[in-house]
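Engineer: Sequence and predicted model, in that order:
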Amino acid sequence: MLSVNEMLAFLKRETTTSYQTVRSDDIEESPNTSVLDVSSEQRTSRRHPKTLIISLLVCAFATVANIFLAFSTSPQVPRGSPDGLRRPSTYYNLSRLVDEVSEPQYNFPLVLAQVSSVQPDKVFFGDPHAYDSFRGYISPRETELLVTSDVSTIVQFRMHSYGVERCVFVVSVPTANNVSVGEVDNTTHLFVPGGYELHGDTGAVELWKLQSSSNPLDPQRLTYRNKPKREYMLASMNILVGEDTRTREFFCGENTLQTFEMVCPWTNCRIHWWQEKGNESLGAMVLQLPTIAPADKVALESEGHVH
C-alpha cells in the first residue's frame, strides 16, 4: 500500500505530465491557428476597400440613371406663376336655373400701372405709401393713376361673377375738395381719399383696348416697350369734375382679363390721383351689367369688340 508521501509524489508527477502535454499541444497548434487567423484578417482587410469603392460607384451610377430617366420620360410640370393655370367656371350649369343676374356690380383694377412713351424701358413700380409699424411693413391698397402727354396708365381687370358680361368702363371724379393728391394722415398713416388733379385739356382722353392675355401683368416688369399691343380705341372720354364718364358697352367674358390703356393725346393734359379699391366716387373701374341676350352678343362679335 502506498504511503501518503508516495501518493503525493505520484499525483505531482501526473499533474506535471498533463500540464506539459497540454502546453505542448497548445504550442503545436497555436502557430498554425495564429497563421490562419492573421492570413484571414489580411485577406478581409484587402477586400473591404474594393467592396466599398464598388458599392459607392454602383450607387452613384444608379442615382444618375434615375435622375436622367425622371427628366427624360416624365411630363414636364410648368413652372412659374399659378395664374397661368386653367380657371374652370365655378358656376357650372347655373344657366339652367337662372336667366340673368339683375344686380350690376363694380369691378376694381387688378393692375394699375404707368408706362412712358419717352422712356420706353422705365418701370414705374413703387410703393410710396408703405410704412413700418409694430405689426410689420404695411402696404396700403391705394394705387396710382397718372396720365400725361408722356405717361399713360395701364388698367387691367379680372372679370368675376356669373351672368354679368356686359361691361362699361367708368371714370369717376368727385366735386372739388381741399384734399391733396396722395395725402396721408401723419398719425394713422391712412390714405386720405378724394384728392385729385385735372389740369389742361382732359376732354378727349383716349381709352385703348389692349390685347388679351391669360396671365395678369406684372407691374414690377411692365414698361412701354413690353406692354400688350393696342387692338382698338374703345372711347374718347371727356373727364370732368363731379361727373361719371362712361364708355359704350363691350363684352367681357367670365374669368377673362380685360386690359386697357388711358392716353392723353395733348401736351397740356394731366390727370392724377390715388384710388382706393371699393371707392366708387374716385377712380377708374368697370361696371358689370346683367348678361346680354344671345342676339346682342352676336352683334358685338360682328363689330369686332369681343376678344
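Structural biologist: Yep, that arrived.

Engineer: the strands in the stretch 151-300 of the chain, which residues?
Structural biologist: Assigned by DSSP state E, counting those that start in this stretch, the stretch 151-300 of the chain shows strands spanning 151-158, 166-172, 196-200, 205-210, 230-237, 244-246, 250-251, 257-263, 269-275, 283-289.

Engineer: partner strands of the fourth one, parallel or antiparallel?
Structural biologist: To tie it back to what came earlier, the one meant is strand 205-210. strand 230-237 (antiparallel), strand 257-263 (antiparallel) (DSSP bridges).

Engineer: Low-confidence regions, the stretch 151-300 of the chain specifically.
Structural biologist: 177-194, 292-300 (pLDDT under 70).

Engineer: ok, for residue 107, nearest residue in space, not its chain neighbours?
Structural biologist: Of all residues not flanking residue 107 in the chain, residue 286 sits nearest, at 4.5 Å (Cβ to Cβ, 6 or more residues apart in numbering). The way it works is simple: take the backbone N, C-alpha and C, and place the C-beta from them, glycine included.

Engineer: Residue 148 pairs with what?
Structural biologist: residue 270.

Engineer: so who does it touch?
Structural biologist: 264, 269-271 (Cβ atoms under 8 Å, 6 or more residues apart in numbering).

Engineer: Residue 230 now?
Structural biologist: 208-211, 261.

Engineer: does residue 242 really touch residue 175, like I thought?
Structural biologist: Yes - counting by Cβ atoms under 8 Å, residue 242 touches residue 175, with 4.4 Å between them.

Engineer: re earlier: can you give me the neighbour number for the residue nearest to residue 107?
Structural biologist: Neighbours of residue 286 under the rule other Cβ atoms under 10 Å: 22.

Engineer: Which among the contacts of residue 230 count as buried?
Structural biologist: When the contacts of residue 230 are checked for burial by 16 or more other Cβ atoms under 10 Å, the buried set is 208-210, 261.

Engineer: Could you check the pLDDT of residue 8?
Structural biologist: As predicted, residue 8 sits at a pLDDT of 52.

Engineer: List the residues that contact the residue nearest to residue 107.
Structural biologist: Residue 286 touches 106-107, 157, 159, 167-170, 252, 258, counting by Cβ under 8 Å, 6+ apart.

Engineer: Quick check: the two most widely separated of the residues you listed?
Structural biologist: The largest separation in the contacts of residue 286, counting by Cβ to Cβ, is between 159 and 170 at 14.6 Å.

Engineer: that older thread, what is the nearest of the contacts of residue 148 to residue 216?
Structural biologist: Using Cβ to Cβ, those come closest to residue 216 at residue 271, 23.6 Å.

Engineer: what's the spacing between that closest one and residue 254?
Structural biologist: To residue 254, residue 271 is 31 Å away according to Cβ to Cβ, to the nearest Å.

Engineer: neighbour-wise, which of those two wins?
Structural biologist: Between residue 271 and residue 254, residue 271 has the larger neighbour count (other Cβ under 10 Å), namely 23 against 17.

Engineer: tally of neighbours for residue 255?
Structural biologist: Neighbours of residue 255 (other Cβ under 10 Å): 15.

Engineer: what do you get for residue 141?
Structural biologist: Other residues close to residue 141 by other Cβ under 10 Å number 12.

Engineer: Also the one 10 residues further on?
Structural biologist: For residue 151, the number of neighbouring residues by other Cβ under 10 Å comes to 22.

Engineer: residues touching it, list them.
Structural biologist: If you count contacts by Cβ under 8 Å, 6+ apart, then residue 151 has 114-117, 124 around it.

Engineer: Could you pull up the residues touching residue 120?
Structural biologist: Counting by Cβ under 8 Å, 6+ apart, the residues that residue 120 touches are 223-225.

Engineer: Any stretches of the stretch 1-150 of the chain with poor pLDDT?
Structural biologist: Those would be 1-48, 70-102, 128-129, 131, 140, if you go by pLDDT under 70 across the stretch 1-150 of the chain.

Engineer: So residue 213 is in contact with residue 258, correct?
Structural biologist: No - the pair residue 213 / residue 258 is not scored as a contact, 10.2 Å apart, by Cβ under 8 Å.

Engineer: Neighbour count for these two, which is higher?
Structural biologist: More neighbours surround residue 258 than the other of residue 213 and residue 258, with 22 against 14 (other Cβ under 10 Å).
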